[in-house]
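# predicted model and sequence follow; I will ask about them next.
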Amino acid sequence: MRDTPLIQRELEVLTAIVEDYIAKAQPVGSRTVSKGSAMRLSPASIRNTMSDLTDKGYLEQPHTSAGRIPTAKAFRLYLDQVMRLRPLTGSVKEMMSSSLGQAGLEIDDILRRASRVLSTVSKQVCMVLAPRHALARWRQIDFVLLRPGLVMAILVLQGGLVQKRLVTVDDSITADSLVHFGNYLNHHFQNLTVAEVRTRIIAEMAAAERELSTLTGRALLLAVDTFANAEAPQMYVEGTLNMLSQPEFSDVGSMREVLGALEDRTRLLEVLDKTMEEYRTVVMLGEEAQAAGVSGCGLVSSPYGGQGTPLGAVSVIGPLRMDYAEVVPLVNYTAQLITAMLGKHF
């Protein structure tokens, strides 16, 4: 059943409680709301409103004598209806850009440094998901004959990804043949995604089943061997020690949940993949983050890569009371920096 919209007084009280809880991580009492807001309400009226908000599931009372704390439902309403993102200052942007600019040309170095910079600025746990090879576009492939019957295939993909693989071939294949194979494949498949290339190769092989002894057929067979058994994408995680400074993670169970999700990574990968598919910034709260295995936390994710061709995702995990007005712009800017660097170098 759909919730009844809050009246203006309830929304103002809830906003005051959420913002005070984000700042102090302590239960909020009626007097604090009364003193810290412009509402002309007595503490008694505010207490009644807080009681109504508790009945509606927006607040909970951790102890009988304590104030109230906002629930995930309250944070969702706050994010959707009240919160205004705080634009990053020029000095923060410059610091992040300068720090990331010190990365080398290797994509691993760029993504690892991006995760570190974001964790430092946000003071949360940060993850950067490396591109899946299947989604990246083909730039160039070369083959190196190591010895008769053994070839090193070197595939350069969009975003600077490099995939190397040893492939066994017929002893009769020469270095000159490999050059022809590479030229053929680069001419026909450049700028397609690896997934698209794989589909087309399989179709062409089926159509030319009786001609696989030709140069074309051998080149296709070699490409199929090169693309077989794609590896799971790398994930770069930084800032796990930041959890120690968050009072929410003083509870061993909460910290174990996050560390367990980071260790397993399977569910986190599924969530970040979904972020890439939607190609927009996603904020998951409480039970919404259950899919990622961090139901007691907040999760902010944003894809990076060219428009229409997302390559990976940037994400922050923190307590439910994260300052989303600050964290969301930080995650978005980090994704923009990675996109720009990959576009500049590759």
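Now that the structure is in, tell me what you want to look at.

# point to the helix or strand of this protein where mean pLDDT is at its lowest.
helix 215-227 (a mean of 67; mean pLDDT, DSSP states H and E).

# check which element follows it along the chain.
strand 235-238 (DSSP states H and E).

# packing partners for that following strand?
helix 107-122, strand 125-129 (3 or more C-beta pairs under 8 Å, 6 or more residues apart in numbering; DSSP states H and E). Heads up, the C-betas are built off the backbone N, CA and C, glycines and all.

# now do 10 Å
helix 107-122, strand 125-129, helix 252-264, helix 266-278, strand 309-319 (3 or more C-beta pairs under 10 Å, 6 or more residues apart in numbering; DSSP states H and E).

# format those as CSV; extra columns: distance to Ala203, mean pLDDT and mean neighbour count.
Formatted as CSV, these follow (distance: least, C-beta to C-beta, whole Å; pLDDT from 0 to 100; neighbours: other C-beta atoms under 10 Å):
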stretch, distance to Ala203, mean pLDDT, mean neighbour count
helix 107-122, 30, 92, 21
strand 125-129, 30, 92, 27
helix 252-264, 37, 81, 14
helix 266-278, 25, 78, 18
strand 309-319, 22, 88, 26
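
# would you turn those into JSON lines with distance to Thr174?
Converted to JSON lines, those look like this (distance: least, C-beta to C-beta, whole Å):
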{"stretch": "helix 107-122", "distance to Thr174": "33"}
{"stretch": "strand 125-129", "distance to Thr174": "40"}
{"stretch": "helix 252-264", "distance to Thr174": "47"}
{"stretch": "helix 266-278", "distance to Thr174": "41"}
{"stretch": "strand 309-319", "distance to Thr174": "36"}
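
# ok now do Asp273, which residues does it touch?
Applying C-beta atoms under 10 Å, 6 or more residues apart in numbering, we find Asp273 in contact with Leu129, Arg132, Leu135, Pro233, Pro303, Pro310, Gly312, Ala313.

# point out where the stretch 51-200 of the chain drops to low pLDDT.
65, 133-135, 158-160 (pLDDT under 70).

# let's see it at 90
For the stretch 51-200 of the chain, the stretches flagged by pLDDT under 90 are 61-67, 101-110, 129-145, 148-200.

# so where do the strands sit in the protein?
Counting by DSSP state E, the chain has these strands, from start to end: 59-60, 69-70, 125-129, 138-147, 150-157, 162-168, 235-238, 282-285, 297-306, 309-319.

# looking at the ones you listed, which is nearest to Thr266?
strand 235-238 (10.7 Å; C-beta to C-beta).

# starting at the chain centroid, how far to the closest one?
10 Å (C-alpha atoms, centre = their mean, to the nearest Å).

# residue numbering should commence at 57 henceforth.
Okay, using 57 as the starting number, the last item reads as strand 291-294.

# can you give the strand pairings for that strand, parallel or anti for each?
strand 181-185 (antiparallel) (DSSP bridges).

# quick one: the partner strand to helix 322-334, angle?
60 degrees (axes from the mean of the first three to the mean of the last three C-alpha atoms, to 10 degrees).

# send me strand 181-185 as PDB with only the CA atoms.
C-alpha atoms of strand 181-185 as PDB (Å, rounded to 0.1, in the frame of the first residue of the first chain):
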ATOM      1  CA  VAL A 181      35.200   2.600   1.500                       C
ATOM      2  CA  CYS A 182      35.600   2.900  -2.300                       C
ATOM      3  CA  MET A 183      35.600   0.500  -5.200                       C
ATOM      4  CA  VAL A 184      36.400   0.900  -8.900                       C
ATOM      5  CA  LEU A 185      35.300  -1.900 -11.200                       C
END
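
# Serialize the strands of the chain to a markdown table and add fields for distance to Pro385.
Shown next, in a markdown table, are those (distance: least, C-beta to C-beta, whole Å):
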| stretch | distance to Pro385 |
| --- | --- |
| strand 115-116 | 27 |
| strand 125-126 | 21 |
| strand 181-185 | 14 |
| strand 194-203 | 32 |
| strand 206-213 | 30 |
| strand 218-224 | 32 |
| strand 291-294 | 19 |
| strand 338-341 | 12 |
| strand 353-362 | 10 |
| strand 365-375 | 11 |
